[in-house]
Structure formats: C-alpha cells, structure tokens
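**Student:** sharing a model that was predicted from the sequence below.
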Amino acid sequence: MTFKLEHRLLALTIVVMTSLAGCTVGPDFKRPSSPDVTSFTRDKELNKTFDGVGKSQTQAIMTVNQVEADWWKSFSSQKLNSLIEIALKNNPSIKAAEASIKQANDYLAAQKGYFYPTAQAGYSASRQGDSSVISPTLQSNNNPYTLHTAQLSISYAPDVFGLNKRTVESLEAQAETQKFQLIALRTTLIANVISAVIQQASIQSQIEATEQIILSQTNALNIIKKQSELGYASDIDVSGQEANLAQAKQLLPPLNKQLEITKDLIAILCGKLPSQGGFDSFTLEEINLPVNLPLTLPSSLVEQRPDVRAAEAQVHAASALIGVALANRLPQFSISALYGGSATKFGQMFSSNNSFWGLTGNVGQTLFDAGTLKYKQKAAEAGFEQAESQYRSVVLGAYQNVADTLYALDSDAKSLLAATDSETSAKKSLELVQKQLDLGYVNSLALINSEQSYQQAKISKIQAQAMRLTDTLALFQSLGGDWDDTH
C-alpha cells in the first residue's frame with residue numbers, strides 16, 4: 001500500500017512539473033520572404049530566345065514551375081547519363097554527405113530522449129563484517145554476511161522553459177542543413193561531370209584541328225624547301241616557315257596536357273583513381289544543345305536552390321540557439337525517485353522492512369558566473385545575425401548566377417553565329433583556292449595557307465560551341481534543379 005502511495009506521489013509530481021513546461025523562451029523562427037522581383041535581369045526582354053544556326057541551335061526560354069528532376073537528360077546523351085550515374089554512385093563526397101545526414105539525425109534522436117525520464121536499475125552484492133561495538137547487530141546475528149542490494153532510480157528534468165525543445169529545434173535545423181547540402185553537392189557533382197565532359201570533347205576537337213594545322217605547316221615547309229633548292233625561295237623564306245611550324249607545334253602540348261588532366265578529373269569525379277579511369281571519350285556531336293531552356297519565376301528561386309535552403313536552415317538553427325542560451329539563464333528543475341531493497345539473502349531484498357525509497361525535487365538558479373551565461377546569449381544573438389547576413393549573401397549570389405547565365409547565353413549565341421560565319425567563309429575560301437589550284441592559277445602554298453585559316457576558324461567555332469554548352473549547363477545549375485526528400 002505504501003509502495004502505491006509513493007508512486008502516486010511521484011506521478012503527481014511529474015505531472016505538476018511537466019505542466020510547467022509550457023513556456024518556450026527565445027524567438028520563434030519565421031522564414032525569410034522571397035525577394036520582390038519579377039525579372040532576373042535588367043533587360044526583361046533578354047531572356048526570350050537565343051538565336052542559333054537553324055532551329056536545332058535556337059534556344060527558347062520556357063517559364064516553368066520547377067526544373068525537371070533529371071535535368072541533365074536534356075543534353076540527350078545516354079553515354080553522359082551513364083557516366084553521371086557512376087559518379088553519383090561512387091563519388092566519396094556524396095557518401096560522406098550521406099553519413100553526415102545520418103549523424104545529424106542520430107544526434108537529433110538522442111536529444112529527443114531528454115523529453116522522457118531516465119530509468120536505471122542496479123544490483124550489488126558485498127561481503128562484509130561489522131564491529132559489534134559500533135554497529136548494530138543484524139537480526140539474523142550473521143557476521144560476517146553478504147549484503148544484496150537492488151534498486152531502481154528514475155530521474156527527470158522537466159523542460160520548463162523550453163531548453164530541450166529549442167535544442168531539438170536547432171538540431172532539426174542542422175539536420176535540414178545537411179540534407180540540403182547533400183542535394184547541392186549532388187547538383188554540383190552532376191554539373192562538374194557534364195562540364196568536364198564538354199571540356200574533354202572540346203579539347204579533343206581542338207587537338208584534331210591543331211594537328212591539321214601542323215600538317216599544313218609541315219607541307220608548306222616542304223614546298224618552300226623545294227622552291228629554295230630550285231632558286232625560287234630564299235633561306236629567309238625557309239626560316240620563316242620553320243618558325244611558323246614551330247609555333248603551330250607549340251599549341252599541341254598544352255592541349256594534350258589539358259586533355260589528360262580533364263580525363264583525370266572525370267575519373268576522380270566518378271570515384272576512380274586516374275589510372276582506373278578509362279572512360280570513353282566524348283565528341284561535341286554526342287552532346288546535344290538543349291533548345292528548350294527552363295526558367296522558374298524569380299520569386300520561387302529561393303525554394304529551389306538547395307544552397308539557399310541550407311543557409312535558411314542555418315538561420316533557423318542559430319535562432320533556436322538563442323532560446324537555448326536564454327533558457328540556460330533561468331531556473332533549472334529536476335526530480336528523481338529511488339526504490340530498492342537490501343537483505344542478506346537474495347530472495348528477501350524486497351521483503352517487509354527491507355525496502356527503501358526516496359523522492360527528491362530540485363531547483364537551481366545561477367546567481368553569479370561572471371557574466372558567462374549572459375555573454376553566451378550575446379554570442380548566440382551575434383551568431384543569428386551572422387547567419388542572417390550569410391543567408392542574404394547566398395540569395396544575392398543565387399540571383400546573380402541566373403542573371404549572369406542569361407547574359408552569357410545571349411552572348412554565346414551571338415559568338416557562335418559569328419564563329420560559324422567565319423568558319424563558313426574560310427571553308428568557302430578553301431574550296432575556291434582548291435579550284436584555282438586545279439586550274440593552275442595558284443600554287444600549293446596558297447592552298448595550304450587556306451587550309452590553315454579554315455582549321456583556325458574551326459577551332460574558334462569549337463570553343464564557341466563548348467562555351468554555349470557550358471553556359472547552358474550553368475543555367476540548369478543556377479536554378480537549383482528539382483529534388484525531393486528521397487535524394
């Protein structure tokens with residue numbers, strides 16, 4: 001009967017203390033509002049269409065609610081899609097970020113345990129002998145004897161001012177940060193793979209064109225040397241052409257260097273060592289230019305950019321820490337209960353007169369700490385201001401990314417048109433010189449020079465094509481892509 005009364009008293013105490021836990025100090029987080037803008041650029045008519053050579057190269061902006069989740073498939077390359085799948089599966093940075101999410105969620109789950117009482121059970125056995133002079137004699141008159149003790153202790157700290165609630169809130173926000181950072185990392189990894197593939201294809205094409213220039217210069221040198229032997233060219237002409245050939249050959253090693261470095265980068269992005277790479281090379285023709293470009297409303301960018309959402313979650317975490325710091329300055333409450341028994345025989349520990357119990361309530365308030373808790377609160381408030389400023393910086397950067405990309409796409413389209421016109425003119429000139437050579441109006445040297453001009457124009461076009469593909473990729477990345485909680 002006494003045991004039941006004790007537990008009723010304990011339960012009543014817990015209920016009373018828990019009812020006090022309705023006050024949560026500190027600021028309640030409110031999501032920042034989206035910037036009030038209707039256009040990403042100063043020129044509202046800019047982001048409509050970007051002309052190209054034919055319909056297959058003309059890009060048009062399509063206003064959408066959100067970007068497709070598998071936006072990289074817009075480049076219409078199955079080989080590229082397969083490479084991205086390998087990267088997402090094997091890249092160690094992705095695995096590290098996934099582990100960080102698990103760690104954050106486990107810390108969160110551990111913190112939530114403080115909402116509940118903690119119960120601990122213990123048992124001890126000791127062999128001892130007592131002095132008959134200073135110690136009472138056991139009823140059993142056994143001396144020495146074995147003392148068996150078992151007890152159950154329960155402790156509980158009511159969350160009176162929301163200390164644990166704000167701590168959990170902060171950890172939840174930190175877990176959100178880790179989730180959005182993983183999404184941002186996935187987007188960045190995909191973009192880096194595509195960018196590296198575009199670069200590799202561009203360099204490979206430039207190498208092929210440069211090799212043609214070297215071949216033309218070599219043929220030109222051979223012709224001039226023959227002319228010199230016949231007296232139709234001087235040694236100065238030969239030396240000049242040798243210098244031209246040497247300059248052309250100088251272009252090749254840096255390109256080969258860039259090609260190998262890019263192949264190493266692709267291997268690393270896919271979680272492989274450079275020596276284990278061995279991925280198939282790409283050509284620019286295998287990477288199709290997306291002609292329908294998505295563009296979300298400016299007001300929804302903050303919802304779609306994972307880096308913005310991660311920064312927002314950091315603001316939330318910092319806000320909750322202000323409440324933690326403030327709650328630590330207020331009184332702290334705790335209650336504990338103890339029930340157990342002791343006996344010289346194991347089976348008699350809870351017999352009558354062998355049991356013991358205790359119920360303790362505690363309240364503590366820091367009276368002097370030389371300003372420690374005060375300055376911890378001020379530090380938390382400064383941390384919140386810092387997180388807010390960092391959030392605004394990330395938002396500004398996000399809008400800048402989109403605007404810069406739109407201007408770049410407009411410039412890229414014009415550059416590619418000019419480069420295409422130049423290549424077309426150079427090719428037409430080459431064809432005319434070839435006809436003149438067939439008719440005997442010009443010599444072989446004129447044809448070689450025309451061939452070199454054509455290859456140089458071709459290199460400029462290759463670079464313009466690669467830049468347009470890269471900036472198209474940048475638009476998808478700057479919009480943040482689409483994602484869900486399963487990523």
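**Tutor:** Perfect, I can see it now.
**Student:** which strand or helix spans Gly358?
**Tutor:** Using DSSP states H and E, Gly358 sits in strand 355-364.
**Student:** is it fair to say Pro290 lies in a strand?
**Tutor:** No. Counting by DSSP: H, G, I helix; E, B strand; the rest coil, Pro290 falls outside a strand, being coil.
**Student:** my read: it touches Trp72, true?
**Tutor:** No. Checked against Cβ atoms under 8 Å, the pair Pro290 and Trp72 is beyond contact range at 9.8 Å. Bear in mind the C-beta positions are built from the backbone N, C-alpha and C, glycine included.
**Student:** those two: which has the busier surroundings?
**Tutor:** Using other Cβ atoms under 10 Å, the more surrounded residue of Pro290 and Trp72 is Trp72, with 22 against 19.
**Student:** wait, is Gln111 part of a strand?
**Tutor:** No. Applying three-state DSSP, one finds Gln111 to be helix, outside a strand.
**Student:** which residues touch it?
**Tutor:** Contact analysis of Gln111 by Cβ atoms under 8 Å, 6 or more residues apart in numbering lists 164, 167-168, 171.
**Student:** and it, how far is that from Asn105?
**Tutor:** As defined by Cβ to Cβ, to the nearest Å, Gln111 lies at a distance of 11 Å from Asn105.
**Student:** re the thing from before, what residues sit buried inside the strand holding Gly358?
**Tutor:** Of the residues in strand 355-364, 355, 357 count as buried by neighbour count, 16 or more other Cβ atoms under 10 Å.
**Student:** if you count contacts, what does that strand end up packed against?
**Tutor:** Where contact means 3 or more Cβ pairs under 8 Å, 6 or more residues apart in numbering; DSSP states H and E, strand 355-364 is packed against helix 2-19, strand 332-343.
**Student:** list the ones among the contacts of Gln111 that fall in helices.
**Tutor:** Judged by DSSP state H, the subset of these located in helices is 164, 167-168, 171.
**Student:** now the residues you listed as a markdown table including pLDDT, neighbour count and distance to Leu373?
**Tutor:** Output for the ones in helices among the contacts of Gln111, formatted as a markdown table (pLDDT from 0 to 100; neighbours: other Cβ atoms under 10 Å; distance: Cβ to Cβ, whole Å):
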| residue | pLDDT | neighbour count | distance to Leu373 |
| --- | --- | --- | --- |
| Asn164 | 94 | 21 | 17 |
| Thr167 | 96 | 20 | 15 |
| Val168 | 96 | 20 | 20 |
| Leu171 | 97 | 20 | 21 |
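**Student:** Lys374 contacts Arg329, correct?
**Tutor:** Yes. Counting by Cβ under 8 Å, Lys374 touches Arg329, with 7.2 Å between them.
**Student:** neighbour count: the two, which is higher?
**Tutor:** Arg329 (16 against 12).
**Student:** for that one, give its distance to Thr372.
**Tutor:** Separation of Arg329 from Thr372 (Cβ to Cβ): 10 Å.
**Student:** in stretch 390-405, what's buried?
**Tutor:** Across stretch 390-405, burial judged by 16+ other Cβ under 10 Å covers 391, 394-395, 398-399, 401-405.
**Student:** how's the protein carved up into domains?
**Tutor:** Domain segmentation of the chain under automatic domain parsing yields 1-24+117-158+332-364, 31-116+161-330+372-479.
**Student:** looking at these, which has the lowest confidence?
**Tutor:** Least confident of the domains of the chain, judged by mean pLDDT, is domain 1-24+117-158+332-364 with a mean of 77.
**Student:** give me the most central residue, this protein.
**Tutor:** Per Cα atoms, centre = their mean, the C-alpha nearest to the average position across the chain is that of Leu185, at 2.5 Å.
**Student:** wait, what's in contact with that residue?
**Tutor:** By Cβ under 8 Å, 6+ apart, the residues touching Leu185 are 93-94, 97.
**Student:** could you dump the residues you listed into TSV with secondary structure added?
**Tutor:** TSV is the format used below for these (three-state DSSP):
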residue	secondary structure
Ser93	helix
Ile94	helix
Ala97	helix
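**Student:** mind checking the SS state of the closest residue to Leu83 other than its chain neighbours?
**Tutor:** Of all residues beyond its chain neighbours, the one nearest Leu83 is Val193 (6.0 Å), with distances taken as Cβ to Cβ, 6 or more residues apart in numbering. The three-state label given to Val193 by three-state DSSP is helix.
**Student:** how about stretch 328-342: buried residues?
**Tutor:** Neighbour-count burial for stretch 328-342, counted by 16+ other Cβ under 10 Å, picks out 328-330, 332-333, 335-337, 339-342.
**Student:** can I get those in a markdown table including distance to Ile459?
**Tutor:** Output for the buried residues of stretch 328-342, formatted as a markdown table (distance: Cβ to Cβ, whole Å):
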| residue | distance to Ile459 |
| --- | --- |
| Asn328 | 66 |
| Arg329 | 69 |
| Leu330 | 71 |
| Gln332 | 73 |
| Phe333 | 76 |
| Ile335 | 80 |
| Ser336 | 80 |
| Ala337 | 83 |
| Tyr339 | 86 |
| Gly340 | 87 |
| Gly341 | 91 |
| Ser342 | 92 |
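**Student:** quick one: the helices in the stretch 301-450 of the chain?
**Tutor:** Remark: helices assigned in the stretch 301-450 of the chain by DSSP state H, counting those that start in this stretch are 301-304, 306-327, 372-439, 444-479.
**Student:** for those helices, which one sits closest to Asn244?
**Tutor:** Asn244 lies closest, by Cβ to Cβ, to one member of the helices of the stretch 301-450 of the chain: helix 444-479, at 8.8 Å.
**Student:** which strands or helices does the closest one pack on?
**Tutor:** helix 163-230, strand 292-295, helix 372-439.
**Student:** give the next helix or strand downstream of the first one.
**Tutor:** In this case it means helix 163-230. As assigned by DSSP H and E, the chain's next helix or strand after helix 163-230 is helix 235-250.
**Student:** burial check on Thr177, number of neighbours?
**Tutor:** Thr177, neighbours per other Cβ under 10 Å, totals 22.
**Student:** touching, it and Ala318? I think so.
**Tutor:** No. With contact defined as Cβ under 8 Å, Thr177 does not count as touching Ala318 (10.7 Å).
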